Structures are given as C-alpha cells and as structure tokens.
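Kindly generate the corresponding structure for this input.
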Amino acid sequence: MGFGDLKSPAGLKVLNDFLADKSYIEGYVPSQADVAVFDALSGAPSADLCHALRWFNHIKSYQKEKGSLPGVKKALGQYGPAGVADTTSGGGNAGGDDEDDDDLDLFGSDEEEESEEAKRIKEERLAAYNAKKSKKPTLIAKSSILLDVKPWDDETDMVEMEKNVRTIQMDGLLWGQSKLVPVGYGIKKLQIGCVIEDDKVGTDTLEELITAFEDYVQSVDIAAFNKV
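Residues are numbered from 1 along each chain as shown. Sure thing, here's the model as predicted:
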C-alpha cells in the first residue's frame, strides 16, 4: 500500500482519489496518519485536486496541536490504497496485488493452446459466475455526514443561516439534527448532520451550495464522514 511519491503529480492524484469518499487518512477523526501524509507534501495540492485540497486545508488548521492528535505515526508507505508502490522509501510492490473480486483469475493461467473441452469449461464457469453476480441485490450506498458551518462573526444570524442551509433540497439528501457549538470570542458554528446517497449527492456539491449563502457562511468543513 502507499501513495507513491507525494511530491509528484501521480502521487497527488492517488491521494486525491483516495480522499474522494474519506475525510481523513484513517478513521473518522484527525490523527497521526494525517500528520504523516501532510508532512510528506511539498505544499497545497492544486485546485483541480479538490478532495486532496479540502483535506489539506482541514489538516492545516490542526498544525499547532498536531503533536496531540491520536494515534502513532507510522512509515508513510503504511498509509494509502493497496497496490501502490511506496517509491519514497523503496518499499512496496511496484506491480501491486489486485484483490478486487471482479478481477480474480477464475480459471488459472491460460495455456497457449487450449483444447475445445478447456474452452467449454471456461465458458461455463464464466457464465455461472456472471449469473451469480447478476442475482446480487443492488445496494444503495449512503453516507452519514456531520458538517461544521462557520459564520463570519458573532453578529451573524445563526437561525437564518440554518434556515438557508435547510432550503437546500436534493434527491438523495436528508437533513438531520443540528446544534450551535461555541468556537470562541462569542462566535458559534452550526453543526448539522445529513444522510446522502453517494451516487446522487457529492460532498463537494453540497459544500458549494452551502457556501453560496455568502452573507452568512464563511466556510464549511466535514467534521465526520461515515458509511451507512
């Protein structure tokens, strides 16, 4: 596993893809895993790597207290998706191991010349495998998200802010409970939960719609992200 060289465009793309459905490198809170990967970057990812940039800015806000974040920092190659070589430390398998069930070799190695019987058996097994897959029920992937919506100052009308946020209605979006959380100097942030259908609602789209209420909203952070 690993991200590869996080100072290269290829490594940053792997990081961006990895964070497409995650808020953190490991688990659901900032940890030493995030610190290890953050420290390996040479700077902020470019704007087109939206998931990596969102994560970078979020972890950057913890820099003063990064030593107190939970977990034990491991070697960089211990984090990230499976099958990516850790070129920064020389470890890992450059070819990687593909563990996707859909890519399993169901029939072993092919010989250069197969008999008609071998071909028939292969076709029967492939047909049986496809039939079995087609019978699996289609699951609707959902995620539970907790958002921190931050106002401009202590004079922002938080009631109106929440009303505006809840006016966002989309197929696959269900708003949940909310509360105001003090952040200091008399300022409170709106912490609001929602459940989304992953195929219908993207976190980036949701953040853009909320920050569009620019008279009330300064920024939006994902405080927690869990698969349902």
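
hang on, residue 148 packs against residue 189?
Yes. Contact criterion Cβ atoms under 8 Å: residue 148 and residue 189 qualify, at 5.3 Å. (Each C-beta comes from the backbone N, C-alpha and C, glycine too.)

okay, now the domains of the chain?
According to automatic domain parsing, the chain comprises the domains 9-78, 142-227.

Endpoints of the shortest one, how far apart?
The separation between the terminal residues of domain 9-78, taken as Cα to Cα, to the nearest Å, is 20 Å.

State the mean pLDDT of that domain.
For domain 9-78, mean pLDDT rounds to 88.

go on, the last one?
For domain 142-227, the mean per-residue pLDDT is 94.

Who is residue 148 paired with across the strands?
Bridge pairing for residue 148 (DSSP bridges) gives the partners residue 191, residue 221.

ok so, going back, spell out which residues are contacts of both of residue 148 and residue 189.
residue 181 (Cβ atoms under 8 Å, 6 or more residues apart in numbering).

Looking at these two, which is more packed in?
Shown here are residue 148 and residue 189; by other Cβ atoms under 10 Å, residue 189 has more neighbours (23 against 17).

Buried residues in the helix or strand where residue 206 lies, which are they?
Per DSSP states H and E, residue 206 falls inside helix 203-211. For helix 203-211, a neighbour-count test (16 or more other Cβ atoms under 10 Å) marks 203, 206-207, 209-210 as buried.

Make a markdown table out of the residues you listed and add distance to residue 128.
Shown next, in a markdown table, are these (distance: Cβ to Cβ, whole Å):
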| residue | distance to residue 128 |
| --- | --- |
| 203 | 39 |
| 206 | 42 |
| 207 | 45 |
| 209 | 46 |
| 210 | 48 |
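
coming back round to it: pull the residues that contact the helix holding residue 206.
The contact list for helix 203-211 (Cβ under 8 Å, 6+ apart) reads 50-51, 54, 145, 147, 149, 165, 168, 173, 194, 196, 217, 219-220, 222, 225.

Among these, name the ones in strands.
Among these, DSSP state E puts 145, 147, 149, 173, 194, 196, 217, 219-220, 222, 225 in strands.

Which among those residues count as buried?
Neighbour-count burial (16+ other Cβ under 10 Å) applied to the ones in strands among the contacts of helix 203-211 gives 145, 147, 149, 173, 194, 196, 217, 220, 222, 225.

So which of those is the closest to residue 120?
Lowest distance from residue 120 to those (Cβ to Cβ) belongs to residue 196, with 46.7 Å.

check contacts around the closest one.
The contact partners of residue 196, by Cβ under 8 Å, 6+ apart, come to 142-143, 145, 172-174, 203, 206.

do that again at 6 Å, thanks
Taking Cβ atoms under 6 Å, 6 or more residues apart in numbering, we find residue 196 in contact with 143, 172-173.

Buried ones in the helix or strand where residue 160 lies, by neighbour count?
If you go by DSSP H and E, residue 160 is part of helix 158-166. Of the residues in helix 158-166, 158, 161-162, 164-165 count as buried by neighbour count, 16+ other Cβ under 10 Å.

out of the residues you listed, who's nearest residue 40?
Distances from residue 40 to these, taken by Cβ to Cβ, are shortest for residue 165, at 35.0 Å.
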